[in-house]
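In: Using only what follows, build the 3D model:
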Amino acid sequence: MKPPPGTVAQPKHRDYSPTLCFCRECLEIHELPTVWCSPECAASQFQRHRDTVHMPGRVKRGVVVIDRDKLEYLSVPVDRPNQRRPYRARDISAHVIMYEDAVRNWEQENHVKLQKAHRTAWAVV
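Out: Numbering: from 1, shown residues only. Next up, the predicted model:
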């Protein structure tokens, strides 16, 4: 339905929660709430995020994570032989946790239940 002439159409509220995802390692090990709009977005930023957040965080905390089997290494471009070997997540779902699952886990760990109080506000009950 078109808005009446002379008025501005209000964009519909879009609920992104079905596609929002958190970085699993950041939540479980580094206690960081790293969030992406979708698993595809997480996959596109995976190497940079792992290299700049996970690797230094592991060293800082003295944590050893064996995850090379979850990585897929790509070939180095011929014109850049000194470049670090690029890689990506073999299966991004192993590295992310969907919003709903993260909330459910948090509720269980803290013995609370979130309820939607208003369109975008949440209340702990």
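
In: A strand includes I97, no?
Out: Yes: according to DSSP: H, G, I helix; E, B strand; the rest coil, I97 belongs to a strand.

In: Can you get me a residue count around it?
Out: 19 (other Cβ atoms under 10 Å). The C-beta positions use only the backbone N, C-alpha and C, and glycine is treated the same way.

In: how about it, what does it touch?
Out: C21, F22, R24, L27, N105 (Cβ atoms under 8 Å, 6 or more residues apart in numbering).

In: So, low pLDDT: which residues of this structure?
Out: Within the chain, the stretches with pLDDT under 70 are 1-17, 116-125.

In: what ranges do the helices span in it?
Out: Counting by DSSP state H, the chain has these helices, from start to end: 24-25, 39-44, 46-49, 55-61, 99-110.

In: Most tightly packed of those helices?
Out: Of all the helices of the chain, helix 24-25 carries the top mean neighbour count, a mean of 20, counting by mean count of other Cβ atoms under 10 Å.

In: just to revisit the earlier point, looking at the helices of the chain, which is closest to P77?
Out: helix 46-49 (14.4 Å; Cβ to Cβ).

In: Which neighbouring elements make contact with that closest one?
Out: Where contact means 3 or more Cβ pairs under 8 Å, 6 or more residues apart in numbering; DSSP states H and E, helix 46-49 is packed against strand 87-89.

In: Who does the strand it packs on pair with, and is each partner parallel or antiparallel?
Out: strand 71-73 (antiparallel) (DSSP bridges).

In: picking that back up, any chance of the helices of the chain in a markdown table, plus distance to V76?
Out: Shown next, in a markdown table, are the helices of the chain (distance: least, Cβ to Cβ, whole Å):
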| stretch | distance to V76 |
| --- | --- |
| helix 24-25 | 25 |
| helix 39-44 | 19 |
| helix 46-49 | 13 |
| helix 55-61 | 19 |
| helix 99-110 | 35 |
